[in-house]
Structure formats: structure tokens, C-alpha cells
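A.B. asks: Below is the structure, and that's it, no one-letter string:
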């Protein structure tokens, strides 16, 4: 490891090297057939480990919703807090025990 | 997959901690032209485990007591150089209400062009849940233990830091709750557009110290506002505070019973009555009868 003068970290945002997904005991899984693309999970994800995906091929409750960006969970970082599960207004996120 | 937040994942804040939700939204509004000054606390310790950082903007760590002083210095230096950036201070309730209040008071009194954000999880969570000046009445902490000699927990009322900042005639003061995201974003935008010293008080759930379910973090702070316990308001230049959200005034028990730190109160209705009376008094002072 290179020790920098004044403990300066030279690469911004390099915490992405820490895969905090290993912390998880419960795993949120989005059911895209129910997801209304409201992005509440994306707003409240503390990591943030939920991203917006444009032009997604994922299924949707109806054709109009297919055109909107979809929330996608990045399991490399999701700590499994369950905030998205609790806040989802249509209960489209399942919370299942992690199998490693 | 696109990760365009200025606050990166991979930090070490606990699962269900609300601090990163507050920070990611503030940075998303302030943009890349931002310099962050961070007092010691959960946010600083957990986001910058050397040699890594979760910050994608210039960031400096300073001690508990001098974040506002360092921000003042950065602002003065930038002014001298003719440069402009959003200078944002982040401090916890310990680093703001207790240890850093002198530097904060000086920063506001001298009129530095800085936005100070207090993320308030109502105790010293990073060091092991010791009570702070912002710990509310009735809360258990490791230094306000509950037992026969002390059935209340913390017996003192919460220090009203935001109101102290109004008394300083700061350009803009607001209380925000990230569970009310539209009100939150509007106030942060307004704070960033305002010149002079600004102060934002953001309530933040701590599942570890509040003894609460991590998945309920947003639900719990939403209840803090809906019960009238954490009112949302703003004030400009020391003027009378303006309520920005009228709560439903749900029974405060709804908020208390979701957290282990208040569990002992449920057996002592007289203490809950005192909390209800305090809420009533606060709203009465601001022209609302419950």
C-alpha cells in the first residue's frame, strides 16, 4: 500500500473497492412485473446501491411503464437493510434470506 | 449500470443508517463544484477508511470542534482568490450541538458564506451511543442508563440548535426530514441559493443507537414529524419561523414504540404525557393548537 503525505486519498470515490454486499443476511429482489418505476427505492437507498437503468428490457405491469427507467439493485454493495422493501408502495420487493 | 451519485457506495455506515441518504441528496443538488468540510463523527469515520473514500468531491476532515472554523477559512481563502464553490459543512449532533457550537456560532456571527448541515441521530453513535445535547427527553443511551435510580433515561430536553441559529440571524435556517423528500430538496436548493451563513438541521435514524429495525429507518423519521415531535420549518435572516408542513399529529406512542431506546417509557405513561405536553407547547408557541 502506498502511504501518501498527509493521508491524502488520490482517487475520489474509491470506496467502490469495498464490496459491502458481503454484509447482507437478507436480500431484496425486485419483481419487475409489479414495479411501477416510481423510484422510491432509488431515492431512499442509503448505499446508494440502487441505480436507474434506461432502455431496460425488463418486464413491467403494462406497456407504458416499459418506457420508463427501472431501478436495479447492485448486490456488490447492498447491505440488505430492507428500507426499499419497507418503502415500496406496491410491495414489489421481496426480502429473502441470503444463501452464500 | 450507472452510478452517478457524488457519494459512492462501499462506505462503512451501518445498514439502515439514514445519514448517507441525506448526504447523497444534498451532494446531488450542490453538484461537483462543492467542497465538504466534515467534523469527526459517524459520517467522517465510516466514509473515509484510509486509503479509501466514498467522496467524489473535495473533502477535508477536521476535529469535532472546528469544522465551522475550517469552513470559514476555506471560504475566506476562496474569496481572496476570486473563486466560488458551495462550501458545505457536515457535523453530527455531538459535533454541532455540543463540541462544535462555539466555532459554528462564530462562523454565523462573522457571516461566512457556508452551508452547515447537522445530521442529527440524537447521541454520540460513533463512539458507543453516549448522550449528546441533542438527545431527546426520555431516551436511553449508554450514559443515560435506565434503571431504578433513573427510570426516565435522558431527563433533559433536546437542545434546539436550529432555533439557536435563528437567534444568530443566519441567512437561512431550516429543519429537514429526508422522509419528506420534496420538502427536503426544496429547502436544500433554497439554502444553496442563499448567500451568507446557512444552517440545516436534518433528523437521521440510527438503527444501532435507537435500537430500531434497519428497514424502518424512513418510516420512523416520518413518524417523528407526523407526531409533531420534529416540526419542519424554515426561517430567513432571524425572522419568525415558517412551518412548511402541517403534521397529522399522530399519537407520539407510534414513534416511541418503534424504538428500543424508548421502550421503558411505555410502562411509564406520565413520562409520555410530558413528551406530549412539550409537543403541544411547541406548536402553541407557533400558533397551532393540537
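C.D. replies: Everything's here; your move. What you are looking at is a predicted structure, and each value in this text was computed from that prediction instead of being measured.
A.B. asks: Identify the single longest helix in chain B, thanks.
C.D. replies: As assigned by DSSP state H, the longest helix anywhere in chain B is helix B:269-285.
A.B. asks: elements contacting it?
C.D. replies: Helices and strands touching helix B:269-285, by 3 or more C-beta pairs under 8 Å, 6 or more residues apart in numbering or on different chains; DSSP states H and E, are helix B:253-256. C-beta here means a position set from N, CA and C on the backbone, and glycine is covered the same way.
A.B. asks: The helix it packs on close to chain A?
C.D. replies: No - using C-beta under 8 Å from any C-beta of the partner chain, we find that helix B:253-256 stays clear of chain A, coming within 15.3 Å at best.
A.B. asks: So which residues of chain A form helices?
C.D. replies: A:40-44, A:83-87.
A.B. asks: Could you do the stretch 1-150 of chain B as well?
C.D. replies: B:19-30, B:42-47, B:67-81, B:93, B:101-110 (DSSP state H, counting those that start in this stretch).
A.B. asks: quick check, the first one touching chain A?
C.D. replies: When you say that, I think you mean helix B:19-30. Yes - with C-beta under 8 Å from any C-beta as the criterion, chain A is reached by helix B:19-30 at B:19, B:20, B:21, B:24, B:25.
A.B. asks: burial count for residue A:27?
C.D. replies: Neighbour count of residue A:27, defined by other C-beta atoms under 10 Å in any protein chain shown: 18.
A.B. asks: That one and residue B:175: what is the separation?
C.D. replies: Look at residue A:27 and residue B:175: by C-beta to C-beta, to the nearest Å, they are 35 Å apart.
A.B. asks: that older thread, now, of the residues of helix B:19-30 next to chain A, which are buried?
C.D. replies: The neighbour-count test (16 or more other C-beta atoms under 10 Å in any protein chain shown) applied to the residues of helix B:19-30 next to chain A identifies B:19, B:20, B:21, B:24, B:25 as buried.
A.B. asks: residues in contact with the closest residue in space to residue A:52 that isn't next to it in sequence?
C.D. replies: Nearest residue to residue A:52 in three dimensions, chain neighbours excluded: residue A:69, at 4.3 Å (C-beta to C-beta, 6 or more residues apart in numbering or on different chains). Neighbouring residues of residue A:69 by C-beta atoms under 8 Å, 6 or more residues apart in numbering or on different chains: A:37, A:39, A:52, A:53, A:54, A:56.
A.B. asks: likewise residue B:68?
C.D. replies: B:89, B:91, B:100, B:103, B:104, B:106, B:107, B:108, B:114, B:116.
A.B. asks: And the residues you listed, which of them are buried?
C.D. replies: Applying 16+ other C-beta under 10 Å to these flags B:89, B:91, B:100, B:103, B:104, B:107, B:108, B:114, B:116 as buried.
A.B. asks: Would you mind listing where chain B has pLDDT under the threshold?
C.D. replies: By pLDDT under 70, the weakly predicted segments of chain B are B:1-2.
A.B. asks: So what's the residue count around residue B:128?
C.D. replies: For residue B:128, using other C-beta under 10 Å, the count is 12.
A.B. asks: Repeat that for residue B:204.
C.D. replies: 26.
A.B. asks: any idea how far it is from residue B:90?
C.D. replies: Taking C-beta to C-beta, one finds residue B:204 at 11 Å from residue B:90.
A.B. asks: Now do the shared contacts for the two.
C.D. replies: With C-beta under 8 Å, 6+ apart as the test, residue B:204 and residue B:90 both reach residue B:119.
A.B. asks: before we move on, what SS does the closest residue to residue B:167 other than its chain neighbours have?
C.D. replies: Of all residues not flanking residue B:167 in the chain, residue B:238 sits nearest, at 7.0 Å (C-beta to C-beta, 6+ apart). Look at residue B:238: counting by DSSP: H, G, I helix; E, B strand; the rest coil, its state is coil.
A.B. asks: The closest residue to chain A within chain B: how many residues sit nearby?
C.D. replies: Of all residues in chain B, residue B:215 sits closest to chain A, at 3.0 Å by C-beta to the nearest C-beta. Neighbours of residue B:215 under the rule other C-beta under 10 Å: 21.
A.B. asks: re the thing from before, highest mean neighbour count out of the helices of chain A?
C.D. replies: Counting by mean count of other C-beta atoms under 10 Å in any protein chain shown, helix A:83-87 has the highest mean neighbour count of those, with a mean of 24.
A.B. asks: Could you see whether chain B lies near that helix?
C.D. replies: Yes - using C-beta under 8 Å from any C-beta, helix A:83-87 reaches chain B at A:83, A:85, A:86, A:87.
A.B. asks: pLDDT score for the closest residue to chain B within chain A?
C.D. replies: The nearest approach of chain A to chain B comes at residue A:82, 3.0 Å away (C-beta to the nearest C-beta). Listed pLDDT for residue A:82 reads 98.
A.B. asks: which stretches of chain A form strands?
C.D. replies: Secondary structure of chain A (DSSP state E): strands at A:26-30, A:50-53, A:70-73, A:93-97.
A.B. asks: Throw these into CSV and include mean pLDDT, thanks.
C.D. replies: CSV is the format used below for these (pLDDT from 0 to 100):
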stretch, mean pLDDT
strand A:26-30, 98
strand A:50-53, 95
strand A:70-73, 97
strand A:93-97, 98
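A.B. asks: Around chain B, pick out the residues from chain A.
C.D. replies: A:1-2, A:4, A:7, A:9, A:11-20, A:23, A:43-49, A:51-53, A:72, A:74, A:76-77, A:79-83, A:85-87, A:95.
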